[in-house]
Structure formats: C-alpha cells, structure tokens
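K.L.:
with the input below, show me the fold.
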Amino acid sequence: MSSRFSESRRWPNLATLIAAALCLAYAIAFYDSISRFWFHPDWTSDDALQQIYPFHAVHHPELFKGDFITEMMRCYLAPLHYWLGFALTWITGDPIMMGHWMMLIQMVLSVVFLFLAVQHWASSAAAFFAVTWLLHTRLVMQRLTAGLPRGWALPVLTAYLYLISTGRHKAILVLMAIGCLLHPPATVVVGLAYGLTLVWQAIAVRNDRERLVQVLPILKRLVLLTPLYAGLLLYVTHMPEQIGTMATLERAAQMPEFQSPGGRFPFVPLLSIEREMRTFGFQAFVARLYNPGPFLAQWTPLIVLLVLALMGLLAIKIRRVLVPMEIWFMGLATMVIYEASRILAFRLYVPNRHLQLPLAVFFIAAFTVAVWRLCSVVGADQKIRSWRRWLAPLGLVALGGFIWMTSGPGLKGAMNFNYHRQQRGPVFEWVRKHTPESALIAGHPTFIDPVQLFGMRRGYITTETAHPFYDGYYAEVKRRLEIILRAYYAPSLQSMADQLEPEGIDYMVFGRGHFLPEALKTATYYRPFDDLVKELVRVDSFAYNELPDRVDLDATPYLVYVDRRSKIVDLRLLRDYLSARQGDSSPEN
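P.N.:
Got it, this is the predicted structure:
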C-alpha cells in the first residue's frame, strides 16, 4: 500500500551531503538563537506557570494537596504526558528542567519521524531539507517550548506520516492509542486521515481481489478498534464533577471572558475562516515574526494554494504521483476537524489550534516531496545532459529561496521562552524560602502568576489559572477574583484583613508599581472585572498606603518583606496587630 519513490543513485550522495551540511548548520544556528534560554533553570514559558508547577509534587507530595486550582491544572495533563513528566522530574529534581528535557524529546521525535517519512517518499537530501524547513518554522517549533502537553502534537503527526509511508499499520494503531493518552486533538486528525486513506485504498483496488483482500482486514481492524480509541479520548478529556462542563460556543457568546476585545480569552466572535487560515494555516511560509513586504504578505497564501493545485493537476497529466495520497488525506482531515471545531467550539477547544501544526506538517511534507519528485521526473531521462539530473536538488533550492523570501531567516525571537525566574524580582524566592509549605499566597492575580512554579506555594488565584472554559471551576474562579481584587485595592488594612480572613489566606503580595498615580489612572483587568477595578481605584487611599517602605518588625511586624517591586504582608500578624491596636484605642484604656 505504500511505495518508495525510486531515485537515481549516481548523484544523490553529493546532494545528500550538501543538504545534511546545510541542515546541520541551520540546526546549530537554531540552537544558538535560544541557547541562553534552553536548559537554563531560570527560563520557561508563561504557559508553564499553569501546566508545569503541579510536578513540584513529585518531590514535595504535600505541597499542593487538596488545592482546587491545582486539581484543575492537573486535568490538562494527559496521562502519558503526566507520567513521563513525573519520571523526568524525579530524575532532574526540577519541573522547569523537566520541561526542557521534555521539549528536547518532543523535538527529536518530530525531526526523526519527519526525516524518515520524507526520505521514504523522496530522498535523503529532501528529508534533510524538510527537517531544516521544520526548524525554520519558528511559530511551529515554539509550540514545543517548555515541554508542555501541546508539544506532543508534532511528534504524533510526524510519526503517523512515517508509519503510513512505510505501511506499518499495526504500529499506526499503537500510535493512535498512545496519541489518545498524549494529545487527543492531533490523534483525532491522525485517526481521520488514516481512515480516509484506508477507504481510498479499498476503493482504488476494488477490482483487484488479491490487493483488496490485503486492505479490507486493515480497515476492519481500524473500525473494530475505533470504540476503544473513543473510550480513551473520553477518559482523557473527562473532567471531575466539580470542574463542570466545557463552555459551548453559544454560552461563550454570552460571557465577557471570551469576548474580543477585553476578554481573558478573546475568541468570540470567531474569526472568519479566511482570516484564521491566513493567520494560522500558512505558518510554514509566512508568519507574524517576519515582514516580507506587502505583496508577499498579502498573496503568499494564494500563491501556495495555486501551486499546490497546479501540482495536483500536473500529477494527473503526467500520470505520476507527486504528493502521496496519504499526505493529501492528512490535509483533508485537518480541514474537516477544523470545521468541526468551529461548529463544536469549545468542546473541540479553539479552532485555530487545529490549523497550526497539522497544516505546517502537511505543507512541509507535500511541497518537499512534490518538488523533489517533479524535478526528478524531468531530469531522469538519460539522453538529457547530466546536469539535468541536478534538477531535483535545484528545485529544493528554489523552494528554499521562496520560503526565505516569505519568512526570513526564521531565527528571530526567544521562541516563547518569555518568563524568567526573577520576572517579578526576588519576591517569590523569598516566599519559597521563608513561608510554610502549607501557606496560601494572594495578591494581584497577574503579579503572583509565578507563585506556584517559582514560589512553590499555593496561589489563591492567578491570571494564568483563571480559566473560564469549565463552568464549575470558573464559578469558584470568579468568586476568588472578585474577593482578591476588592482586597487588593481595599481602602484600609482593616478592610483588607476582614475580606481575606474567611478565605484562609496567609500572605498578601503587593506590586508596588500598581499604586503609582499613573498606574492607578489606567488600572483595569480582564472583562468582566474591568469595571470593578476602575471603580475600586477611584478612592484616594488604599491599604497599600499604610505600609512603610522598609521592614521594621518592631513597629510593623506584619510587613515581612520589601523590595523595589514588592511588599508582603503576613495576614496572621496583621490581624494580631490590628486587634492589639483596637484594644489600645478602646475607651477603657
């Protein structure tokens, strides 16, 4: 059912060496562009603040025990990803370093599988080109940054391409089971692509009984195993009763949290299909990190689609397979799942997430294989001068030139390593060293985003964990957000303490910059809490204003930490101080 493209063996060795050298040079440049971040224990991604910190429990099992926020964050970790992360954290001793190693594993698997797939369909030289192109596609590669669950989409997709290219059908069935436990959305694309491929193969050989007998048992096996895969997907995506149900598109349309602009997740109304395709579908060619000029920025998507269509028509005319049907069906499956995700949003999560990686893999594989095959056919005639046999490598050079024109060198940016351990200063290092493991820390939700990962303490609520997707979870999130915002901008320490006491909060972290006059004039938060914050900051005095600018444990024992960015109040000591002050000022005294 799979066929290896035959190639001349007279010249590919030199072409392969050149392609390998260029790939190695680009890989070195790629690593150099992120070397100050990658495998540095102080650097991670902002999304790691919510999806990596639960792994602290590997070496500190009591740290987040019973914490409602952490229970929700763990629900985002697919089982196989969790246990692999658990093992890596146990070995490295640090969830951040675990994320770096996980990223390396995801990247190596993706590169190896893509190489093997393209090598089978085209040549080793083409395979090295495809790997270089993948590394060059920055917005795709940065989905792997910090080793988050979403990074498994790329290995799952590329592994499928390799296995289907070589006809390893039993391995594909195993891959789909593994994919269900690693990255369900990518696995759904793989499952549909595989099903379409088998149906097409059955139709194509329907008049050839001998070959049909080979295809039908494979298709039957997939059909019989589909309930198992569906069960695995339901198991992985099922949420505990207290988390609630996923927001539908209809419900999201009524929630300010999803509205664009101003919402925490501004997805509603959904972008048009054309705009989403332009923004997320062609990242293998053009993306926001590079400006190729107005003409290419506008017309590259259309050029790509026209060339793809022309290659399809040309393949029919010359009666040669340029883009294998297995690749075509991956592209078709991607678009079907994308359309379904628009109808079923957000039960199939955010639609554009179904475009980024699958279409990038599709375009890289389709164009690399097609250009190599087309140019090899043209240059294969032995009567033609020998230099014509270099048309296939030259075709890849031309394709590479076009990619360079539309997306530049592809080494710009920190690849989403955008959060440093001391992003908020040393405050959370102090929290980690000087507060009990059972402490509950509160503060402005955005300012204390790092508290769980870098401070290794429970956070009352943070912006990164304030997800509105599940109604049960978000009901508690909304309650906590209103409480903490009112307390943060409370008019007095007494008022703040009264609001926070029922919540069992131990420490309050203040960001000093929030109370500068200029900051108060523009203070806001995500909808629907923007109006609340604007109302709260209209007063002339805040609890923060009662805090001195240095620690004086004799005069103000409750102020336990001060640096140029932060102040921390011990709420238990504050309550004792306020009670003593009230006692001193009572009429009897």
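K.L.:
report the buried residues of stretch 315-323.
P.N.:
For stretch 315-323, a neighbour-count test (16 or more other CB atoms under 10 Å) marks 315, 322-323 as buried. The way it works is simple: take the backbone N, C-alpha and C, and place the C-beta from them, glycine included.
K.L.:
I'd guess Ile461 is in a helix, am I close?
P.N.:
No. Assigned with DSSP: H, G, I helix; E, B strand; the rest coil, Ile461 falls outside any helix and is coil.
K.L.:
residue contacts, it?
P.N.:
Residues near Ile461 by CB atoms under 8 Å, 6 or more residues apart in numbering: 69, 442, 445, 477, 480-481, 484.
K.L.:
how about Glu503?
P.N.:
Contacts of Glu503 by CB under 8 Å, 6+ apart are 440, 442, 460, 480, 483.
K.L.:
so which residues of the protein form strands?
P.N.:
43-44, 419-420, 440-443, 458-459, 507-511, 559-562, 566-570 (DSSP state E).
K.L.:
closest one to Gly395 among those strands?
P.N.:
With CB to CB as the measure, strand 43-44 is the member of these nearest Gly395 (39.4 Å).
K.L.:
Trp299 - how many residues pack around it?
P.N.:
The tally of other residues near Trp299 (other CB atoms under 10 Å) stands at 13.
K.L.:
before we move on, back to that, among the buried residues of stretch 315-323, which ones are in helices?
P.N.:
Mapping these onto helices (DSSP state H) picks out Ala315.
K.L.:
which one of the buried residues of stretch 315-323 is nearest to Ala297?
P.N.:
Using CB to CB, the buried residues of stretch 315-323 come closest to Ala297 at Val323, 25.8 Å.
K.L.:
residues contacting that closest one?
P.N.:
Applying CB under 8 Å, 6+ apart to Val323 gives the contacts 308, 311-312, 315, 366, 369-370.
K.L.:
pLDDT added to the residues you listed, as TSV?
P.N.:
Converted to TSV, the contacts of Val323 look like this (pLDDT from 0 to 100):
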residue	pLDDT
Leu308	93
Met311	90
Gly312	89
Ala315	89
Ala366	97
Val369	97
Ala370	96
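K.L.:
quick one: which of the residues you listed is nearest Phe129?
P.N.:
Checking those one by one against Phe129 (CB to CB), the nearest turns out to be Val369, at 10.2 Å.
K.L.:
the closest one reaches Met325, doesn't it?
P.N.:
No. Val369 is beyond contact range of Met325, at 11.7 Å (criterion: CB atoms under 8 Å).
K.L.:
show me which of these two is the more surrounded one.
P.N.:
Val369 (26 against 15).
K.L.:
how about the more buried one, what does it touch?
P.N.:
Residues counted as contacts of Val369 (CB under 8 Å, 6+ apart) are 5, 118, 121-122, 126, 322-324, 327.
K.L.:
list the buried residues for the top helix by length along the chain?
P.N.:
For the chain, the helix that runs over the most residues, judged by DSSP H, is helix 209-237. Neighbour counts over helix 209-237 (16+ other CB under 10 Å) mark 215, 218-219, 222, 229, 232-233, 236-237 as buried.
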